[in-house]
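A.B. asks: What would the 3D arrangement of this be:
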Amino acid sequence: MIALIQRVAECNVTVKSEIISSMRGGLLVLLGVKQDDSESDAEYLAAKTANLRIFQDENEKMNLSLLETGLDMTIVSQFTLHADTRHGNRPSFTEAAEPKKANELYQYYIREVKNLIGFDKVHTGEFGAMMKVKLVNDGPVTITLRSKNDY
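C.D. replies: Prediction:
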């Protein structure tokens, strides 16, 4: 499992010209599920994401986590994070989990994050939909996290 984490000043997700989620400040997480991922991968990444110390403290040092700041998180499923581009110019997505499994683990990750940071602090995209994700990257700070199975 892979999570592309972006610290954002604001973020929203649009599906079919309708904004389905919006937040000011926090993390945007683009989440990719791999074929051999499991609930333990989702649990690990949820805890790692919520506790990742990438927000500035009073000394302007990246020393605070999302849990400590009380900010929100938007989670968007993105199978393209598992693109294999080693051969040719067209990406292969054979490593990405099939949609049923990917959605189950995406939803599991969302539940885990909600349990960690609070149900009202978590926003989501729509699994399988064509989405427009608008963000203002804060820093910019962008970090890739991988589950234990993905190293």
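
A.B. asks: Please tell me how far residue 111 sits from residue 42.
C.D. replies: Per Cβ to Cβ, to the nearest Å, residue 111 is found 9 Å from residue 42. Every C-beta, even on glycine, is put in place using the N, C-alpha and C of the backbone.

A.B. asks: Which residue of the two possesses the greater neighbour count?
C.D. replies: For residue 111 versus residue 42, neighbours defined as other Cβ atoms under 10 Å are more numerous around residue 42 (25 against 13).

A.B. asks: Counting neighbours, what do you get for residue 144?
C.D. replies: Residue 144: 10 neighbours (other Cβ under 10 Å).

A.B. asks: same question, residue 110
C.D. replies: Using other Cβ under 10 Å, residue 110 has 22 neighbouring residues.

A.B. asks: does it sit in a helix, a strand or a coil?
C.D. replies: Three-state call for residue 110 (DSSP: H, G, I helix; E, B strand; the rest coil): helix.

A.B. asks: So what pairs up with the residue positioned nearest the centre of the chain in the strands?
C.D. replies: Centroid-nearest residue in the chain, with Cα atoms, centre = their mean: residue 29, separated by 2.0 Å. For residue 29, the beta-bridge partners under DSSP bridges are residue 5, residue 75.

A.B. asks: isn't it right up against residue 77?
C.D. replies: No: counting by Cβ atoms under 8 Å, residue 29 sits too far from residue 77 to count as a contact (9.8 Å).

A.B. asks: thinking again about what came up before, so who does the residue nearest to the centre of the chain touch?
C.D. replies: 3, 4, 5, 6, 49, 73, 74, 75, 76 (Cβ atoms under 8 Å, 6 or more residues apart in numbering).

A.B. asks: Repeat the analysis, applying 6 Å as the threshold.
C.D. replies: With contact taken as Cβ atoms under 6 Å, 6 or more residues apart in numbering, residue 29 is in contact with 3, 5, 75.

A.B. asks: in this protein, what spans have low per-residue confidence?
C.D. replies: In the prediction, the chain carries residues with pLDDT under 70 at positions 149-151.

A.B. asks: could you pull out the strands for it?
C.D. replies: 2-15, 18-32, 55-56, 62-64, 72-77, 122-124, 131-146 (DSSP state E).
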